[in-house]
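Participant: just a sequence and a predicted model for now, questions to come.
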Amino acid sequence: MSLLLHRIDDRLIHGQVVVGWGQPLGLRFIVLVDDDVAASDWEQELYRMGVPPDVEVYFHAVSDMASAIDHYDRDVRPGLLLVGSVDTMRRLVDVAPSIRSVNIGGVHHADGRVQRMRYVFLTADEERALRALEARGLAITAQDVPSTRPVSLADVLAGKPDA
Amino acid sequence: MAPTPSLPTGMKAAPLPVATRASMLLRCLAIQGSWNYEILNGNGIGFCVEPALRHLPGGVGGDAYREALARQCAYFNAHPYLASLAVGALARAELERTPPDRIVRFRTALCGPLGSLGDRLVWAAWLPACSLVALLLFGLGLGPVGVAVGFLVLYNTGHLALRAWGLGSGWLHGLRLASALGAAWLQRGPQYIARGAALVAGIALPFAANRAIGGGASIEPVPLAVMALTPCLAFLLVRLHGKVEGWQLLFGLLAILVFYSTVLH
Amino acid sequence: MLPFTLDLLPLVLLGAVLGLDVVSFPQAMISRPIVAATLAGAFAGSPAAGLVVGVALECLALETLPFGASRYPEWGSASVVGGLIGTRGADGALLPDPGAWVIGVMAAIATAWVGGWSMVQHRKLIARWARPRLEELAAGSMRTVVSLQVYGLTADLLRGGGLTLLGLTVAWPISTWAIASWRLGALETRGVLILGAAAVAASAVWKVLHGYSVTRRLFVAGLAVGTMLVGFRG
């Protein structure tokens, strides 16, 4: 089973992840990769409260993942990998090249970001990083919940109306 | 804006007056009134916390008030009912003069867990459970008033209790909110409600379908056909999950029925 | 012809209020189809038939998980449209006219789909209105906070009313034609409609509640008990 989805979502663990994706995929574990959260016990405690009791959450800094990704890829349970930003995903792919697809689930408004879809706002640097990941052969699509259609990176950057 | 003058920090907030708490609770009912794709529910949180901020030194319009209100209106998202937990906790943190960077970090970290817990507890458990109870009431023969009022009373007992508990609990625990979120009923509640809802669903659907068809004997050809074909169609819909929604399939089915009944028949 | 008289105004207002309830205020679920269609049926003088229309729509709404940021069908205003169209010709009867019921459900589905789109537009509109005021928000202006909230609520109320009016305007002549031309028997028509609605509800229960152990077994057990009891009763 291993990791079924590699998702960028600045809200990290929330309803779309736990219920929207978690229920149809039958998720049993979530790997949350974030340098700040990995260093903060109280934030980890809060995020653990957001998942059902039968779903495990593992916290890692990006640097840990070079060795840990194989372990999760071999896990027999269905799992999901979650990062909070495009930059974290870019750094993660550098250390974990086994990641071949990326789901953009939510990158929200902030200074310097331009709206591309209703739930995707990107800076020029983030756009470049996503294009670079795609050029390395990764399949990059935006899809907030399973009931909507995945939108290709080209369409996201073209700002085509989303489903 | 000028930074807040050297006000004492880490103080214990005095209990909020009843009128302030009532105002916050009432505002929580409209917390999603300005939901948008840029700051999501940020303005809504600010709107709900605002009555408490009036008790900051300097009152309405004072520097402390304006700084706190600005902080609370930044990007935020959570389940609307459980957001009242955030409202209570953030109000307390502001009135206790917690350092701003700590409030901001706490506020950011709350979004996901409150969204996830609320979605599991309300949208994926309590709401379908109440909806299925209403279908059962209909199937058992209750009239329009009985079914509609039964549903509304049942649902809103949970709904309003959750909002009121959230506001009170958030205020009580402040930044130590994780202990409130760890309550067994909140963690295990979705599971137990879902089990009850599944059982009710099983009983309710045959009764409701039978009454909606006309309440005749179930051994007649049409009710029998419905009974036999429903699981097959449901199985197909489960298999098509993520590709076709049920309402889309039904719309197509009904369009064929309209064509058949009005043009071909 | 659609009765463009004062009779329409309360229905549009009902659609507006129920559209508001879906997300903005107070989310008390008076917008659920089983309530909304019943209310619309009551307006038309057929609350019992409205309830039956609402039951079919409630089965569809079970499938909808209204996550804040995602797009989903808006069943509140849609159920007012469905409830009114679906109870045409019922004249206080317990069950809807078969043709009207089918068109009512279709009208509600179409309106709910447009409603989902209109919610996205509403949220974009609020963002557009908020953008030039972000500096005032960052300066802690209470006036801006409250006005943004009031603006969003008002716009949502208008959205719900407009959606209801649009749905009724489009569906009314179609339902007039369908009721007059309907040939299939009432029992067969109701059978197809209930087959579809019940299947959607069953699949929704299977999908939404399956995340927890034993829920599927409880559902199947309940189904067996329910089917037997209905069989014995019949």
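Facilitator: That came through fine. Residues are numbered from 1 along each chain as shown, chains lettered A, B, ... in the order given.

Participant: quick one, what contacts residue 145?
Facilitator: Here I'm looking at chain A. With contacts defined as Cβ atoms under 8 Å, 6 or more residues apart in numbering or on different chains, the neighbours of A:Val145 are A:16, A:20-21, C:65, C:67, C:70. Quick note: C-beta positions are derived from backbone N, CA and C, even for glycine.

Participant: oops, I was thinking of chain B
Facilitator: Contacts of B:Val145 by Cβ under 8 Å, 6+ apart are C:Pro47.

Participant: so it: helix, strand or coil?
Facilitator: Following DSSP: H, G, I helix; E, B strand; the rest coil, B:Val145 is assigned to helix.

Participant: residues in contact with the helix or strand containing B:Leu236?
Facilitator: Take DSSP states H and E as the rule and B:Leu236 turns out to sit in helix B:221-239. For helix B:221-239, the external contacting residues (Cβ under 8 Å, 6+ apart) are B:205-206, B:209-210, B:213, B:216-218, B:244, B:246, B:249, C:187-188, C:190-191, C:194-196, C:198-200, C:202-203, C:206-207, C:227, C:234.

Participant: could you pull up phi and psi at C:Val205?
Facilitator: Summarising the backbone geometry of C:Val205 under the convention degrees, to the nearest 10, its torsions are phi -60, psi -40.

Participant: wait, it sits on B:Gly246?
Facilitator: No - C:Val205 is beyond contact range of B:Gly246, at 11.2 Å (criterion: Cβ atoms under 8 Å).

Participant: which element is the residue of the stretch 101-250 of chain B found nearest chain C on?
Facilitator: Per Cβ to the nearest Cβ, B:Gly202 is where the stretch 101-250 of chain B lies closest to chain C, at 2.0 Å. Using DSSP H and E, the element containing B:Gly202 is helix B:184-213.

Participant: against which helices or strands is that helix packed?
Facilitator: helix B:127-139, helix B:221-239, helix C:47-61, helix C:186-209, helix C:215-233 (3 or more Cβ pairs under 8 Å, 6 or more residues apart in numbering or on different chains; DSSP states H and E).

Participant: just the angle between it and helix B:127-139, please?
Facilitator: Comparing the axes of helix B:184-213 and helix B:127-139 via axes from the mean of the first three to the mean of the last three Cα atoms, to 10 degrees yields an angle of 30 degrees.

Participant: how far does helix B:184-213 sit from its chain's centre?
Facilitator: Mean-position distance between helix B:184-213 and its chain equals 18 Å (Cα atoms, centre = their mean, to the nearest Å).

Participant: which parts of that helix are buried?
Facilitator: Neighbour-count burial for helix B:184-213, with 16 or more other Cβ atoms under 10 Å in any protein chain shown as criterion, is recorded at B:186-187, B:189-191, B:193-213.

Participant: secondary structure class for the residue of the stretch 1-150 of chain B found nearest chain A?
Facilitator: With Cβ to the nearest Cβ, the shortest gap between the stretch 1-150 of chain B and chain A falls at B:Asp119, namely 2.9 Å. Assigned with three-state DSSP, B:Asp119 falls in the helix class.

Participant: contacting residues for the closest residue to it other than its chain neighbours?
Facilitator: Counting by Cβ to Cβ, 6 or more residues apart in numbering or on different chains, B:Asp119 lies nearest to A:Gly15, which is 2.9 Å off, once chain neighbours are set aside. The neighbourhood of A:Gly15, defined by Cβ under 8 Å, 6+ apart, consists of B:79, B:115-116, B:118-120, B:123, C:67-68.

Participant: returning to that earlier point: now the residue of the stretch 101-250 of chain B closest to chain C, nearest residue through space, not along the chain?
Facilitator: With Cβ to Cβ, 6+ apart as the criterion, B:Gly202 has its nearest non-adjacent residue at 2.0 Å, and that residue is C:Gly222.

Participant: surely that neighbour is in contact with B:Arg195?
Facilitator: No - C:Gly222 lies out of contact with B:Arg195 (Cβ under 8 Å); the separation is 10.5 Å.
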